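Enquirer: kindly generate the corresponding structure for this input.
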Amino acid sequence: MMIKKTAAICCAAVLLMLCLPVAFADNIVELPILMYHHISTVPDRWGDYVVSPETFENDLKYLSEKGYTSISLQELIAYVDGSGTLPDKPIMITFDDGQRSFAEYALPLLEKYDMCAVAAIVGKYADDYTESGDMNVVYAYMGWPELSSLAKDPHVELQSHSYDMHSLDSRRGCAMMAGEDEIDYEKVFSADMSLLNRRFVEYIGEEPIAFAYPFGIRSPTGKDLLLSSGCRALFTCDERVNYVSRNPQCLYELGRFNRPNGANRYQFFLKMGIS
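Expert: Alright, predicted model coming up:
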């Protein structure tokens, strides 16, 4: 009887260990990632992908009060490589697309709260607005001269959001088109990636090491090409908390939570495990 009871206790202990949150395991850290796009002072523009400056500031204030520390991509990679550490409550802040509102509204607030963000740039947008010189903060994107200056700020890391795959027309983001064979897809994807990398080297001084999938749409072939080119982190639009470890593969499909304007702050952050 005693043997059966001991066996039952051991089984229960094993089950309990299996049910414990992953964050309790050695070297595994829970990392929520925020995803923003555009910031606007025009109420008519607020919505799922456009927030007010007040919303963004109050988010930073809330995170700061809860004891969270924003981390850079370099810090994250150093941790995964075993050469760095992470704070007790890390969070990553990302901005997609490269709109001028990032420099106008987000950067001063990041500096105010001593936080950092990863800004993923669409190369074609940067080319177009470099050529036009249009800097209207309501709708414009940052040109390369402005991005070059921005890259020197310690609160900002610039990464890739593709050169010209931010579209839902004939091709949906980075997906293969109907009837497209893998060889043709590789040529198109590689050409897009290479052009963006050349722009980065020309204006930023180095190639990007992370890629944010446009619309979160991805393909296995595209992933292989990105990783073989030296990309260290891949950002998706899957809304889930990440568990980072010493395994580099934990960076290959990072989940992010899109921040809509008007959503209850407590409830929104609660989904990310922040309360």
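Enquirer: what pairs with the top strand by length along the chain, parallel or antiparallel?
Expert: Using DSSP state E, we find that the single longest strand of the chain is strand 90-97. Paired with strand 90-97 in the same sheet, following DSSP bridges, are strand 33-36 (parallel), strand 69-70 (parallel), strand 117-121 (parallel).
Enquirer: pLDDT on that strand, on average?
Expert: Over the span of strand 90-97, the pLDDT mean works out to 98.
Enquirer: before we move on, what about stretch 260-268?
Expert: On average, stretch 260-268 scores 97.
Enquirer: also stretch 48-61?
Expert: If you average the pLDDT over stretch 48-61, you get 98.
Enquirer: name the residues of that stretch that are buried.
Expert: Residues 49-53, 55-57, 59-60 are the ones in stretch 48-61 that count as buried (16 or more other CB atoms under 10 Å). To be clear about C-beta, it is placed using only N, CA and C from the backbone, and glycine gets the same treatment.
Enquirer: identify, from those, the entry nearest to Val138.
Expert: Lowest distance from Val138 to these (CB to CB) belongs to Val50, with 10.5 Å.
Enquirer: test of understanding: give the bridge partners of the closest one.
Expert: Val50 forms beta bridges with His38, as assigned by DSSP bridges.
Enquirer: heads up, I number from 136, so please use that
Expert: Will do, 136 is the new start, and the previous item becomes Val185.
Enquirer: that one and Gln234: what is the separation?
Expert: For Val185, the distance to Gln234 (CB to CB, to the nearest Å) stands at 9 Å.
Enquirer: spit out the residues that contact the two alike.
Expert: Contact with both Val185 and Gln234 is made by residues 172-174, according to CB atoms under 8 Å, 6 or more residues apart in numbering.
Enquirer: so which of those residues is surrounded by the most neighbours?
Expert: Ile174 (26 neighbours; other CB atoms under 10 Å).
Enquirer: what pLDDT does that residue get?
Expert: For Ile174, pLDDT reads 98.
Enquirer: now for it: which residues touch it?
Expert: Residues in contact with Ile174 (CB under 8 Å, 6+ apart) are 185-188, 191, 234, 236-237, 239-241.
Enquirer: and Ile168, by the same measure?
Expert: Listed by CB under 8 Å, 6+ apart, the contact set of Ile168 reads 226-229, 370, 377, 389-392.
Enquirer: quick check: it vs Ala261, distance?
Expert: 23 Å.
Enquirer: and for Phe404?
Expert: The spacing between Phe404 and Ala261, counted by CB to CB, is 32 Å.
Enquirer: now the strands paired with strand 225-232 in CSV, with mean pLDDT and distance to Gly268?
Expert: Output for the strands paired with strand 225-232, formatted as CSV (pLDDT from 0 to 100; distance: least, CB to CB, whole Å):
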stretch, mean pLDDT, distance to Gly268
strand 168-171, 98, 25
strand 204-205, 98, 32
strand 252-256, 98, 18
